[in-house]
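In: Got a predicted structure here, sequence first:
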Amino acid sequence: MPSLRREDVAHVAKLARLTMSEAELDKFTEQLGQVLEHASDMNALDLDGVIATAHPFGLINVVREDVRRPSLDHDVVIAMAPDAEDGRFAVPRILGEAP
Amino acid sequence: MRTVRQTALDVQSGDASALSVLEESLAAIRARNDDLNVFLYVDEEGARAAASAVDERVARGENVGALAGVPVALKDNLCQTDIPTTCSSKILEGWRPPYNATVVDRLLLAGAVPVGKTNLDEFAMGSSTENSAFGPTKNPLDTTRVPGGSSGGSAAAVAADMTPLALGSDTGGSIRQPAALCGLVGVKPTYGLVSRYGLIAFASSLDQIGPLTTTVGDAAMALEAIAGHDPLDSTSLPEPSPSLVAHVDDGVAGKRVGVVRELIDGADEEVVAAVERAIAVLKDAGATIVELSVPEFRLGLSAYYLIAPAEASSNLARFDGVRYGLRVDAGDVTAMMEATRTAGFGEEVKRRIMLGTYALSAGYYDAYYGQALKVRTLTIEAFRRAYREADLLIGATTPSVAFEFGSKTADPMAMYLSDVFTIPSNLSGEPAISVPFGTGEAGLPIGVQLLGPGRSEAQLFAGARVLEIADGRP
């Protein structure tokens, strides 16, 4: 298995939307490396032909009848938001200034 | 404090009021909570209202349910309407859910009285409750030691006689390990037996809710009350709650008990000795002992610490400062999300999100996550082979008795290794129970674990009951 590099950790932090200090990057590179090192015992196995299990008893689609049913009250849900406007979630600017 | 069973009998018969039982519970919480840090929130007002409602129904001669008047502590990753639910994380501090978890509804239906929310390792990630953003919980049996985790607050609530029943969640051992470290019975039910609706997800394919109690019979009563199909959880088994209480005294005569070396070797000597004594007890009770080796279980830890973080990294993506919980303002929306998550999550949660994101990222998916899912298959097949030769399996719950604060916090891998015996059941989705059996260092309790195939809870309770009696708790 590939070994974990500091730049990998920095890249993953970006994917995970986390800001890491230089010290945290060093620490996480070492600690995550140890976990991955421990996981390398799986590499010795011949797993060709083994089917992956994503769910213990096999996940089967469960559907309900396509009829309306009560759900959470809109106002109650919006009231939990850090910021809202006109009954909708409000977030800071998504796109940059127009050129 | 009374057991669950005795409380329900007393309240049903009118020998004790639910309100008086609750006041005893609240007094016990007031006496020790500042020191032990068990409850993050106590809902005195709501609990009194629920207890009074039970008493009124008793007075009217109505059927008040199997858990009538039983005070219950809820791990703080279970949603209860309008009650602060934090997952012991800054990112959810102050949030009040607009709905009840299904288990909360079922407890209320059974007449139980939820008293408050208990501390946990943040988002249930940990084995000592030291990862809580609101400080660690102390083990009531020895306050220099951890209560285990992640359901450490729930275990401490029962061990400190604050409530006779608590609910926890178990993703890799988070009910059974704290039960063992606090001298309690703890059950990880079959995946899908108990609805996960309203349990804030850590690793959805592994998480399962279960009870912590002082007796095997109490655990059976509690599980019977919360189990059964729920249309709100699409992974819920399409079956009613099984009959468990009726089978607690079935014994183990004629049962084949598999002794699995991989679930014993590597534990401290005193723990190994306790398991050996437990095996002798089951044999005396008429079980046939079968020696088994299941090398695949050794690989479980590696697979688990890729699968669980991978699912967690996906589940915890929802905490982005948009719809609920913490928001830290910063520039554009991406900067806001980064600032929120960086400030809101603690170190262990970040570590697992990072690990999971890495295991799922392009170029590493097959090497790590893909391999782990295949090892999960091997674990399941290994269990299946074992259950051809045995009806249930026995091992240790934890490698040691309760450890001291700070002894594993500097080394995540050392902490992860404390889950080595409990993880296989989560990977296979099959049930397991930890029952106190004997004591070790400093008189601290040791937990023995019984494991069985899917839906075999009744048999596990019966086996645990035999051990409970032999350990001097008739």
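Out: Received the coordinates, thanks. Numbers count the residues shown, from 1 in each chain, chains lettered A, B, ... in the order given.
In: Low-confidence bits of chain A, can you list those?
Out: For chain A, applying pLDDT under 70 flags the ranges A:1-2, A:58-59, A:97-99.
In: And the helices in it, which stretches?
Out: A:6-15, A:22-39, A:74-79 (DSSP state H).
In: Can you convert the ones you listed into CSV and add a column each for mean neighbour count and distance to B:L223?
Out: Where you see a C-beta, it was placed from the backbone N, CA and C, and this is true even at glycine. Shown next, in CSV, are the helices of chain A (neighbours: other CB atoms under 10 Å in any protein chain shown; distance: least, CB to CB, whole Å):
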stretch, mean neighbour count, distance to B:L223
helix A:6-15, 17, 39
helix A:22-39, 17, 33
helix A:74-79, 12, 32
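In: Let me have the ones you listed in JSON lines, extended by distance to chain B.
Out: Below are those laid out as JSON lines (distance: least, CB to the nearest CB, whole Å):
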{"stretch": "helix A:6-15", "distance to chain B": "5"}
{"stretch": "helix A:22-39", "distance to chain B": "4"}
{"stretch": "helix A:74-79", "distance to chain B": "5"}
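In: out of those, which comes closest to B:G61?
Out: Taking CB to CB, helix A:74-79 is the member of these nearest to B:G61, at 36.6 Å.
In: What lies in contact with stretch B:461-474?
Out: B:185, B:215-217, B:219-220, B:244, B:247-252, B:255, B:257, B:278, B:281-282, B:285, B:287, B:392, B:394, B:433, B:435-438, B:448, B:450 (CB atoms under 8 Å, 6 or more residues apart in numbering or on different chains).
In: Tell me the secondary structure of B:L299, please.
Out: helix (DSSP: H, G, I helix; E, B strand; the rest coil).
In: In contact with the nearest residue to it once chain neighbours are set aside: list those residues for me.
Out: Leaving out its chain neighbours, the residue that sits closest to B:L299 by CB to CB, 6 or more residues apart in numbering or on different chains is B:V375, at 5.1 Å. Residues near B:V375 by CB under 8 Å, 6+ apart: A:M42, A:L45, A:L47, B:E296, B:L299, B:G300, B:S302, B:A303.
In: Only the buried subset of the residues you listed, as a ChimeraX command please.
Out: In ChimeraX, this line selects whichever of the contacts of B:V375 come out buried by 16 or more other CB atoms under 10 Å in any protein chain shown:
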select /A:42,47 /B:296,299,300,302,303
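In: and the contacts of B:V375, which two are the farthest apart?
Out: A:L47 and B:G300, at 14.7 Å, using CB to CB across the contacts of B:V375.
In: How about A:D26: what's its closest non-neighbour residue?
Out: Going by CB to CB, 6+ apart, A:D26 has A:R6 as its nearest residue, at 7.2 Å.
In: I'd assumed A:T29 was in contact with that neighbour.
Out: Yes. Using CB atoms under 8 Å, A:R6 is in contact with A:T29, at 4.8 Å.
In: Next, the buried residues of stretch B:465-474.
Out: B:R465, B:V466, B:L467, B:E468, B:A470, B:D471.
In: among these, which are in helices?
Out: Among the buried residues of stretch B:465-474, DSSP H puts B:R465, B:V466, B:L467, B:E468, B:A470 in helices.
In: Would you quantify the distance from the first one to B:I29?
Out: Summarising the geometry, the distance separating B:R465 from B:I29, computed by CB to CB, to the nearest Å, is 29 Å.
In: try the second one
Out: Distance, B:V466 to B:I29, by CB to CB: 33 Å.
In: Ignoring the adjacent residues along the chain, who's closest to whichever residue of chain A sits closest to chain B?
Out: Chain B sits closest to A:P56 of chain A, with a gap of 2.5 Å, by CB to the nearest CB. Nearest-residue entry for A:P56: B:G429, 2.5 Å, with adjacent residues in sequence omitted and distances by CB to CB, 6+ apart.
In: try B:Q12
Out: Of all residues not flanking B:Q12 in the chain, B:A68 sits nearest, at 5.0 Å (CB to CB, 6+ apart).
In: For burial, what's the neighbour tally of B:N37?
Out: Residues lying near B:N37 (other CB atoms under 10 Å in any protein chain shown) number 21.
In: my guess is it meets B:F134, correct?
Out: Yes. Counting by CB under 8 Å, B:F134 is a contact partner of B:N37 at 7.4 Å.
In: so what's in contact with these two at the same time?
Out: B:N119.
In: so can I have a markdown table of the buried residues of stretch B:465-474 showing pLDDT and distance to B:A110?
Out: What follows is the buried residues of stretch B:465-474, written out as a markdown table (pLDDT from 0 to 100; distance: CB to CB, whole Å):
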| residue | pLDDT | distance to B:A110 |
| --- | --- | --- |
| B:R465 | 98 | 21 |
| B:V466 | 98 | 27 |
| B:L467 | 98 | 27 |
| B:E468 | 98 | 23 |
| B:A470 | 98 | 30 |
| B:D471 | 98 | 28 |
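In: Secondary structure element holding B:N33?
Out: Assigned by DSSP states H and E, B:N33 belongs to helix B:18-36.
In: B:N315 versus the residue nearest to A:P56, what's the distance?
Out: 18 Å.
In: Out of the contacts of B:V375, which is nearest to B:N63?
Out: Closest to B:N63, out of all of the contacts of B:V375 and judged by CB to CB, is B:G300, at 43.9 Å.
In: Now do the contacts for that closest one.
Out: B:G300 touches B:V375, B:T379, B:V420, B:I423, B:P424, B:L427, counting by CB under 8 Å, 6+ apart.
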